[in-house]
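Novice: I'd like to go over a predicted model; first the sequence, then the structure.
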Amino acid sequence: IAFLLERKQESAYRSRAYRTAGDVLRGLDDDAWRAHVRDGRWQDLPGIGDRTAGVIATVLAGEEPRTLTELEAE
């Protein structure tokens, strides 16, 4: 999503938010990852807001985030 936002020259703030969220997720150890998957409390993590938490939940449900679908269509 961050790449597509950057390619469209959208808000640097939004693309940075998605990149930050990815960095935060990559930094989780296995126990923390499982706890967040179980509880769905992604916003408790620094750098994860409502939108990015929604994308995470959508992906974990096996679906494609609408944001990604819309950006790819443009």
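Specialist: All right, it came through fine. Numbers count the residues shown, from 1 in each chain.
Novice: What residues does the residue nearest to the spatial centre of the chain make contact with?
Specialist: Nearest to the mean C-alpha position of the chain, by Cα atoms, centre = their mean, lies T52 at 3.7 Å. Shown in contact with T52 (Cβ atoms under 8 Å, 6 or more residues apart in numbering): 17-18, 21, 42. From N, CA and C alone the C-beta is placed, and that goes for glycine too.
Novice: among those, which are in helices?
Specialist: In this view, the contacts of T52 that belong to helices under DSSP state H are 17-18, 21.
Novice: ok, and the most crowded of those residues?
Specialist: Counting neighbours by other Cβ atoms under 10 Å, A21 leads these with 23 neighbours.
Novice: There's contact between that residue and P46 in this structure, I believe.
Specialist: No: the criterion here is Cβ atoms under 8 Å, and A21 misses it with P46 at 9.9 Å.
Novice: Assess the claim that I1 and E72 are in contact.
Specialist: No: contact criterion Cβ under 8 Å: I1 and E72 do not qualify, at 9.7 Å.
Novice: more neighbours, these two?
Specialist: Legend: neighbour count by other Cβ under 10 Å for I1 and E72, higher for I1 (21 against 10).
Novice: Quick check, pLDDT for the more buried one.
Specialist: I1 carries a pLDDT value of 95.
Novice: And the residue lying closest to it once chain neighbours are set aside, how far from R7?
Specialist: Among residues not flanking I1 along the chain, Y18 sits closest, at 4.8 Å (Cβ to Cβ, 6 or more residues apart in numbering). Going from Y18 to R7 by Cβ to Cβ, to the nearest Å gives 13 Å.
Novice: Thank you, goodbye.
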